[in-house]
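Asker: Here you go, sequence then predicted model.
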Amino acid sequence: MIKTLEEAYRFVKKVKICTIFPTEKVEFTSLWENVDLPKKQTGEKGWGKRMSAVWTWKNQLPAEYPTEIFYGKIKSGLAVLMEMDYMAHDHFPRAYKDIQTQDQLTQFIHSKIVIEPWDTTTLRKATIQEIGCTKSQFDTALKKLQITLNIVRLNDSQIKRDTWVPFKELYLDVWRQYVHE
């Protein structure tokens, strides 16, 4: 059972892919199920030790081990951590979809992220104002961009808000193996 960031790192390396929280949508184990820290106790303020650790580690692992741990979303829309070789050789070839095959809103959001990194809140406000889409439509498009490996979250533990960059900006070697522009 996992109690430290280092143990969480070894766990992801061993299982190759795990969800952040338990789900019946996929057969992967979750980080949550394997963390041996107490859940929030009655009367305790905040999230509790277990939730705080899992929520922190999902960002910290890819930030501290950027060449070894990948954070992203899979087809079901679930957030996962992956061992980098698994992502590069198994996941990417199955999940990647060319941005030109995506709907107009998804392409619009991608075109903004290609120019500069955007945090979710600022990007959502700008997109809703410019396009007139709903929050739900925006969220769906942003999720599609992650699932199709067109964007990824910036691996920087100092950044507090999810900030998005093009996949190839962080993982150019993987991109070049499969995408021929």
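Answerer: Received the coordinates, thanks.
Asker: contacts and neighbour counts: CA atoms only from here.
Answerer: OK.
Asker: can you list contacts of the lowest-mean-pLDDT helix or strand in the chain?
Answerer: Evaluated with mean pLDDT, DSSP states H and E, the helix-and-strand set of the chain has its lowest mean pLDDT in helix 49-64, which scores a mean of 92. By Cα atoms under 8 Å, 6 or more residues apart in numbering, the surrounding residues in contact with helix 49-64 are 5, 8-9, 20, 31-32, 35-40, 68-71, 81, 155-157.
Asker: one more time with 7 Å
Answerer: By Cα atoms under 7 Å, 6 or more residues apart in numbering, the list of residues contacting helix 49-64 from outside reads 5, 9, 31-32, 35, 37-40, 69-71, 155-157.
Asker: What strand or helix carries the nearest residue to residue 88 once chain neighbours are set aside?
Answerer: Ranked by Cα to Cα, 6 or more residues apart in numbering and with sequence neighbours excluded, the top spatial neighbour of residue 88 is residue 174, at 5.7 Å. Counting by DSSP states H and E, the secondary-structure element that holds residue 174 is helix 172-178.
Asker: How much space separates the residue nearest to residue 88 from residue 118?
Answerer: In this structure, residue 174 and residue 118 are separated by 22 Å, where distance is defined by Cα to Cα, to the nearest Å.
Asker: cool, residue 29 as well?
Answerer: Here the criterion is Cα to Cα. By it, residue 29 lies 31 Å from residue 118.
Asker: Show me what counts as buried in stretch 114-125.
Answerer: Residues of stretch 114-125 classed as buried by neighbour count (16 or more other Cα atoms under 10 Å): 114, 118-120, 123-124.
Asker: Go through the residues you listed and name the one nearest residue 141.
Answerer: Nearest to residue 141 among those, counting by Cα to Cα, is residue 124 at 10.4 Å.
Asker: All the strands of the protein, residue numbers only.
Answerer: For the chain, the strands defined by DSSP state E occupy 17-19, 69-73, 79-83, 118-119, 151-153, 163-166.
Asker: Mind putting the ones you listed into JSON lines with distance to residue 47?
Answerer: Rendered in JSON lines, the data for these read as follows (distance: least, Cα to Cα, whole Å):
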{"stretch": "strand 17-19", "distance to residue 47": "19"}
{"stretch": "strand 69-73", "distance to residue 47": "22"}
{"stretch": "strand 79-83", "distance to residue 47": "19"}
{"stretch": "strand 118-119", "distance to residue 47": "24"}
{"stretch": "strand 151-153", "distance to residue 47": "23"}
{"stretch": "strand 163-166", "distance to residue 47": "23"}
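Asker: Need those strands in TSV (columns: mean pLDDT).
Answerer: Formatted as TSV, those follow (pLDDT from 0 to 100):
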stretch	mean pLDDT
strand 17-19	97
strand 69-73	96
strand 79-83	97
strand 118-119	96
strand 151-153	97
strand 163-166	97
